[in-house]
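> fold the stuff below for me.
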Amino acid sequence: MLLPAKAEVARHLERYRAWERLMLASPTDRTVRGNFEDTGYTLCVLMGKRCAREAAHAAERYLCADLTPYRWDRGDKPDRRGDLESHTRPRGLTVAPVP
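Next up is the predicted model:
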């Protein structure tokens with residue numbers, strides 16, 4: 001499953017929360033309500049949820065989660081050939097031939 005960029009999610013979540021505050025301050029303003037609903041819809045599409053509130057909660061959880069695989073988090077990346085041994089062995093260790 002493809003995940004959206006965290007910067008994009010953060011930007012849309014911030015806009016959603018700002019329009020939410022404005023809508024709560026003036027609930028009868030149709031322009032504010034329309035913009036709030038538009039930002040909620042965008043967040044729903046981004047997060048794959050049907051409800052804007054669920055999408056906002058999912059976005060907050062997504063932004064707090066560390067989704068980087070452990071071995072790549074340490075800086076070990078596979079080389080261009082895809083050699084498994086080159087990126088699973090701890091750095092600094094060499095393989096000595098068996099006598």
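
> drop to CA atoms for contacts and neighbour counts, all remaining ones
Fine.

> secondary structure element holding H57?
helix 52-64 (DSSP states H and E).

> which positions in that helix come out as buried?
A52, E54, A55, A56, A58, A59, Y62, L63 (16 or more other Cα atoms under 10 Å).

> report pLDDT for the third one.
Looking at A55, its pLDDT is 96.

> contacts only, for it.
Residues near A55 by Cα atoms under 8 Å, 6 or more residues apart in numbering: G40, L43, C44, M47, G48, K49.

> identify the residues contacting the spatially closest residue to C51 that is not a sequence neighbour.
The shortest distance from C51 to any non-neighbouring residue, by Cα to Cα, 6 or more residues apart in numbering, is to C44 (6.5 Å). Neighbour list for C44: R50, C51, A52, A55, A56 [criterion: Cα under 8 Å, 6+ apart].

> so C44, which of the three states?
helix (DSSP: H, G, I helix; E, B strand; the rest coil).

> from D29, how far out is it?
23 Å (Cα to Cα, to the nearest Å).

> can you list contacts of stretch 25-33?
W19, L22, M23.

> does the first one touch D38 like I think?
Think W19. No. Counting by Cα atoms under 8 Å, W19 stays clear of D38, with 9.6 Å between them.
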